[in-house]
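1. Just to be clear, the model below is a prediction. Sequence and coordinates:
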Amino acid sequence: GDEWVINGHKWFTSNGMVADFLIAMVVTEPDAGPYERASMIIVPSAAPGLKRVRNIPTMAGAHERFGYGHAEVLYEDVRVPAANLVGKRGQGFLIAQARLGPGRIHHCMRWLGMARRAFDMMCERALQREAFGKKLASHETVQNWIADSAAEMSAARLMTLHAAWVIDTQGAAAARKEISLIKFFGAKVLHDVIDRSIQVHGSLGYSADMPLEEMYRTARGARFYDGPDEVHRVSVARQVLTGYKAPQGMWPSEHVPTRRAAAQRKFAALLEAATTDV
């Protein structure tokens, strides 16, 4: 027909309470494969039957103070023109993935900044606070935390830059592995650096008198938004394994007795000549 009729209950629609229009991911091809079932449709927020229920509270606190939120939205016989389809029917997943790849890099860049802020606070406090007659910075455990954090942040930064370079030079599709790598690795680095900083600050870091507790709550979401860590790990592993193949026979390719026997066969003439000369 000339219009779409949408029914459903959506959760965590970003900026759903304030946006002039929403983009709904809906099933338009129920009999197609799992990646061709959904389409994206633009829905005006004022469309009859669309109800913006609420902003969903999260661990990160009240999003409204930042000017955004994640809304619960109800669709009841919402009618929109057929022309509101984004792209083609069944392309919703592909369109989402085209946006999510570069979007994940943006997350990682922000995480680097957050981790650096927590790291700076940790180093400052380590030089300021004393325990057992000496500065925290003189204790080996704290020194290990500082060194580990510096190494992990450097690695995450280089991985992020490399992923961005691959996107720039080869496109987002070619950077799938690099994006997934930094998505789960960067989230872990962010969490660990903030956690260590809280530990160095002790009760002060746990309190709302420091920004660390809010940063910690925010960082927890990094492990699942735009794809949970587990999915990205599976994606990386599958892509890595495509570059390998199982060796012939029952032994690994680096099995020493097998390699020794193969070398003896390959160089049998040389071995025989050397033995004869002796």
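-> Received it, and whenever you're ready, just let me know what you need.

2. so where do the helices sit in the stretch 101-250 of the chain?
-> Listed in chain order, the helices of the stretch 101-250 of the chain (DSSP state H, counting those that start in this stretch) span 140-170, 176-201, 203-206, 212-220, 229-241.

3. Need the winner for burial among those helices.
-> Across the helices of the stretch 101-250 of the chain, averaging neighbours per residue (mean count of other Cβ atoms under 10 Å) puts helix 176-201 on top, at a mean of 23. C-beta coordinates here come from the backbone N, C-alpha and C atoms, glycine included.

4. could you give the angle of that one to helix 229-241?
-> Here the directions of helix 176-201 and helix 229-241 differ by 140 degrees (axes from the mean of the first three to the mean of the last three Cα atoms, to 10 degrees).

5. Who are the packing partners of helix 176-201?
-> When contacts are defined as 3 or more Cβ pairs under 8 Å, 6 or more residues apart in numbering; DSSP states H and E, helix 176-201 packs onto helix 92-128, helix 140-170, helix 203-206, helix 212-220, helix 229-241.

6. Using a markdown table, lay out those together with mean pLDDT.
-> Shown next, in a markdown table, are the helices and strands packed on helix 176-201 (pLDDT from 0 to 100):
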| stretch | mean pLDDT |
| --- | --- |
| helix 92-128 | 93 |
| helix 140-170 | 97 |
| helix 203-206 | 97 |
| helix 212-220 | 94 |
| helix 229-241 | 96 |
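
7. among these, which is nearest Glu29?
-> Counting by Cβ to Cβ, Glu29 lies closest to helix 92-128 out of the helices and strands packed on helix 176-201; the figure is 9.4 Å.

8. Give the other helices and strands that that closest one contacts.
-> Contacts defined by 3+ Cβ pairs under 8 Å, 6+ apart place helix 92-128 against strand 21-27, strand 38-44, strand 134-135, helix 140-170, helix 176-201, helix 212-220.

9. Go through it and flag the buried ones.
-> 92-93, 95, 101, 104-105, 107-108, 111-112, 114-115, 117-119, 121-123, 125-126 (16 or more other Cβ atoms under 10 Å).

10. next one: that helix to chain centre, how far?
-> Its chain's C-alpha centre and that of helix 92-128 lie 9 Å apart, by Cα atoms, centre = their mean, to the nearest Å.

11. tell me the angle of that helix relative to helix 176-201?
-> Going by the same axes, to 10 degrees, helix 92-128 makes 30 degrees with helix 176-201.

12. if I look at the residue nearest the centre of the chain, how far off is Ala175?
-> Geometric centre of the chain, nearest residue: Lys183, 2.7 Å, by Cα atoms, centre = their mean. Remark: distance between Lys183 and Ala175 (Cβ to Cβ, to the nearest Å) = 11 Å.

13. Glu213 now?
-> Using Cβ to Cβ, one obtains 34 Å as the distance from Glu213 to Ala175.

14. again with Asp168
-> Applying Cβ to Cβ to Asp168 and Ala175 gives a distance of 9 Å.

15. what sits against Ala71?
-> By Cβ atoms under 8 Å, 6 or more residues apart in numbering, the residues touching Ala71 are Phe12, Thr13, Ser14, Asn15, Gly16, Met17, Arg52, Val53, Arg54, Asn55, Ile56.

16. Please flag which of those sit within strands.
-> With DSSP state E as the criterion, strands contain Phe12, Thr13, Ser14, Arg52, Val53, Arg54, Asn55 from among those.

17. Hmm, Val43 is touching Val80, no?
-> Yes: with contacts defined as Cβ atoms under 8 Å, Val43 counts as touching Val80 at a distance of 5.5 Å.
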